[in-house]
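coords please:
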Amino acid sequence: MQDIYIGDEGKGFPLVLVHGFLGSSKMWKPQIEFFKENFRVITPDLPGFGKSNKAKSHKSIQSISNFLLDCLKEKKIDKFHLLGHSMGGMIVQEMAKKRGDKISKLICYSTGPIGEMPGRFETVDKSRENLKKNGLKTMARNIAKTWFVKGEHAKYFDVCIEAGTQTSMEVADNSLVAFKNWNGVDTLKNIKNETLIIWGDKDKSYNLTQAKTLEKNISNSSLVIFDGCAHNVHLEKIEEFNRTVLNFINNE
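Predicted coordinates for the structure are as follows:
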């Protein structure tokens, strides 16, 4: 796929990690280092984000999910574990509904089944207004602060800022439009994969009701809640997060 960056490290059964809004594959660095010992770790930068920032962005979650399935097909990756964070979690839900037969284990992390997230720190429309009013740099900083319990003092805060400012105003706004127009609740029953749901109890983007809705409607699912973590559990409690995912994949 032209202008699309897809990280590809390690050997073994493929594990695909899908980042969220204003994110990039760089935010998976601790996971890449951990999982590449036993898995082929695939980390795409979504169209318009990270090193894929020259690629045309999408305005719907379904469109992005179809695009990623095409990317994996092009790389001849036929079967894989799939983990999606935040907006990436919405995308992997759609991938599972469309081609669940290709997914061995599914992890929906810090995400929910509704794009217009009830209880989010601000409405999607408010985010769009703030983007136009304050610009991308300010938005990236303000949103990234909500991703960590320690806010700007978190170890990986600067990595998130770098990822957020690699994109453009247009891409960010298109993603917010994709959020607003997506609701996957009614089709959650179509996800048949064994699914792990991960949520941090201080998450300001997705509340517990959203995580519980996933658990209730995905028949073969379990929910793990991390105490004292916000939206970026994988960068706040790295070892515990990695071990939880590994144990789930290995049926431990």
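
what about residue 221? Give its phi and psi, please.
phi -130, psi 160 (degrees, to the nearest 10).

near residue 251, how many residues? Count them for me, please.
7 (other CB atoms under 10 Å). Glycine gets a C-beta too; all of them are placed from N, C-alpha and C.

what separates it from residue 21, distance-wise?
According to CB to CB, to the nearest Å, residue 251 stands 31 Å off from residue 21.

before we move on, what about residue 183?
For residue 183, the distance to residue 21 - CB to CB - is 17 Å.

who has more neighbours out of those two?
Just comparing residue 183 and residue 21: by other CB under 10 Å the higher neighbour count belongs to residue 21, 22 against 13.

ends of stretch 41-50, what's the gap?
17 Å (CA to CA, to the nearest Å).

give me the distance from it to the chain's centre.
11 Å (CA atoms, centre = their mean, to the nearest Å).

I'd like the mean pLDDT over it, please.
Mean pLDDT, stretch 41-50: 97.

can you give me the buried ones in it?
Residues 41-50 are the ones in stretch 41-50 that count as buried (16 or more other CB atoms under 10 Å).

kindly report the same for stretch 152-161.
So stretch 152-161, judged by 16+ other CB under 10 Å, has buried residues 154, 156-157, 159-161.

restricted to helices, list these.
Those of the buried residues of stretch 152-161 mapping onto helices are 157, 159-161, per DSSP state H.

will you turn those residues into JSON lines that also has pLDDT and distance to residue 100?
Output for these, formatted as JSON lines (pLDDT from 0 to 100; distance: CB to CB, whole Å):
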{"residue": "157", "pLDDT": "97", "distance to residue 100": "35"}
{"residue": "159", "pLDDT": "96", "distance to residue 100": "32"}
{"residue": "160", "pLDDT": "96", "distance to residue 100": "31"}
{"residue": "161", "pLDDT": "95", "distance to residue 100": "35"}
